[in-house]
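Peer 1: got a predicted structure here, sequence first:
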There are 2 protein chains.
Amino acid sequence: MSRTDDVVNGIKHMIVSGQLRPGERLPVEKELAETLGVSRGSLREGVRALSMLGVLDTRQGDGTYVTSLDFSRLLAPMGFIVDLHGEGHAEHVHALRRLLESEAARLAAVRITDGSLADAKALLHEAEPFLDGAGDAHERLMEIDIAFHRIIASHTGNPVLIGMIEALASRTVRERLWRSLSEDGVLHRTHEEHLAIWRALDARDPEAARVRMANHLLGVEESLGFLPAE
Amino acid sequence: MSRTDDVVNGIKHMIVSGQLRPGERLPVEKELAETLGVSRGSLREGVRALSMLGVLDTRQGDGTYVTSLDFSRLLAPMGFIVDLHGEGHAEHVHALRRLLESEAARLAAVRITDGSLADAKALLHEAEPFLDGAGDAHERLMEIDIAFHRIIASHTGNPVLIGMIEALASRTVRERLWRSLSEDGVLHRTHEEHLAIWRALDARDPEAARVRMANHLLGVEESLGFLPAE
DNA sequence: AGTGGGCCATACATCTGACGTATCGAATGG
DNA sequence: CCATTCGATACGTCAGATGTATGGCCCACT
């Protein structure tokens, strides 16, 4: 058991026991180091590790704070991991993304608000001018896509599911994805799929929403070359 | 951008670019610190953080190595995160676990080997003497449960799914779970559900396996008090 | 020649102390 | 009352020294 492990477990215990609450500030480094019986260097290694996990947030000149501990933040490192594998297991990551997003669509169908439904519609409408692949359409379409899926995820009522979906759709994953879609010339088809998802949500039909989402992501996987050729 | 971020990104880049391969050894601290233009202290903070993420593995007196980068290892920190929330969002974690394990059962039904099927059967048989809740039955039943679910997950063919399932079923989560099952006196029912899953797998019936697994985990959630009372 | 044990170079682990730099808030002057 | 300044504070980084575990070489013994 290294000193740094003492630090990590010590801070974890302080949080789990309620001694440290989200948003609260930790004692200054020197003091906390003494409390835990380690040097400042070892303390910093532990704090840095927890910081990378999204548990702590340190601000120079100010102090170190416990984050909100939202799953979206805590699951962010998963995105790092996905990046690390590069093209490696993209196929498996996507299969999982399909499962999670389909479930999200199913759940959202019975919970989504009229306001968010309107927002989603506006997003899709905003995308239309870019569907023929103008110069910088790429970037914009990706932004819209992210926002559209985020709206759906946010209405699942399950913060863990939200966090996981966001983590699996890391920036680099989406970059590759939209490049493939562009090259495949299936931007219009993708847009139609988005509309179909929207209609299912608008109809508050869980099963339809789930199937439309699964179909959409299968189409994406096809463009990425993950599915066996006909 | 802190020095530590330079370290993390530097090492990440070395891995993604293929300059560092899984299992390979990193340069010694002093040398790597010079290469990245940081002090040894800052280097160690970055290395420690990557170590906690399951990317690196440092051994005193020997050196620092890149791990196998298996998803099971890289997703382990998710278990830490689940623990951190304690009872907090256990309900949502379990809902997700049900989704993932059901899918795992579906996939495993068409891929599981006769050997693993026999191993699973042996496990269930081994559990029977403990079902009446003898003194230390608790611990043993939990071990068997973990092993049973692990066998199924391992035959999904999707390493990301395997890693996530293992992460969501952290030690502390399972502790709480089995305590509830014991107190509820539903150990026999749980065992019957396991048998039903096994039969579906043995029949190589994906839909049956999925439903049996979902039903099993719903039962668990009920014992945990997550489902609305009748 | 094979084998077991002990020695030593090496690499990570930790501590101490110092200095750099960003931030917040109080004191100040308008 | 408000904007500015300035200093105490806290994190960021570096350097050097010492502790400790590991792995491999060498040698004595069989």
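Peer 2: Here it is on my side, so go on.
Peer 1: all contacts plus neighbour counts: C-alpha atoms, from now on.
Peer 2: Noted.
Peer 1: enumerate the positions of the helix-or-strand element of chain A with minimal mean pLDDT that are buried.
Peer 2: Within chain A, confidence by mean pLDDT, DSSP states H and E is lowest for helix A:171-184 among all helices and strands, at a mean of 86. Of the residues in helix A:171-184, those scored as buried under the neighbour-count criterion (16 or more other Cα atoms under 10 Å in any protein chain shown) are A:171, A:173, A:174, A:177, A:178, A:179, A:180, A:181, A:182.
Peer 1: residue contacts, the second one?
Peer 2: The one in question is residue A:173. In this structure, residue A:173 makes contact with residue A:83, judged by Cα atoms under 8 Å, 6 or more residues apart in numbering or on different chains.
Peer 1: next one: the residue nearest the centre of chain A from residue A:139, what distance?
Peer 2: With distances taken as Cα atoms, centre = their mean, the residue of chain A nearest its centroid is residue A:166 (1.1 Å). In this structure, residue A:166 and residue A:139 are 18 Å apart, going by Cα to Cα, to the nearest Å.
Peer 1: next one: residue A:35
Peer 2: Taking Cα to Cα as the measure, residue A:35 and residue A:139 are separated by 49 Å.
Peer 1: per-residue pLDDT, the spatially closest residue to residue A:130 that is not a sequence neighbour?
Peer 2: Excluding the flanking residues, the one nearest residue A:130 by Cα to Cα, 6 or more residues apart in numbering or on different chains is residue A:137, at 5.2 Å. The confidence metric pLDDT takes the value 78 at residue A:137.
Peer 1: can you give me the neighbour number for residue A:137?
Peer 2: Per other Cα atoms under 10 Å in any protein chain shown, the neighbour tally for residue A:137 reads 16.
Peer 1: got it, and residue A:136?
Peer 2: Using other Cα under 10 Å, residue A:136 is surrounded by 9 other residues.
Peer 1: repeat that for residue A:170.
Peer 2: Using other Cα under 10 Å as the criterion, residue A:170 is surrounded by 19 other residues.
Peer 1: buried residues, stretch A:115-125. List them.
Peer 2: So stretch A:115-125, judged by 16+ other Cα under 10 Å, has buried residues A:117, A:120, A:121, A:123, A:124.
Peer 1: which residues of chain A lie near DNA strand D?
Peer 2: Of all the residues in chain A, those in contact range of DNA strand D (Cα under 7 Å from any atom of the strand) are A:26-30, A:41, A:44, A:58-64.
Peer 1: tell me where chain A has helices.
Peer 2: Secondary structure of chain A (DSSP state H): helices at A:3-16, A:29-36, A:40-52, A:71-74, A:77-84, A:90-109, A:114-127, A:137-154, A:159-168, A:171-184, A:187-202, A:206-223.
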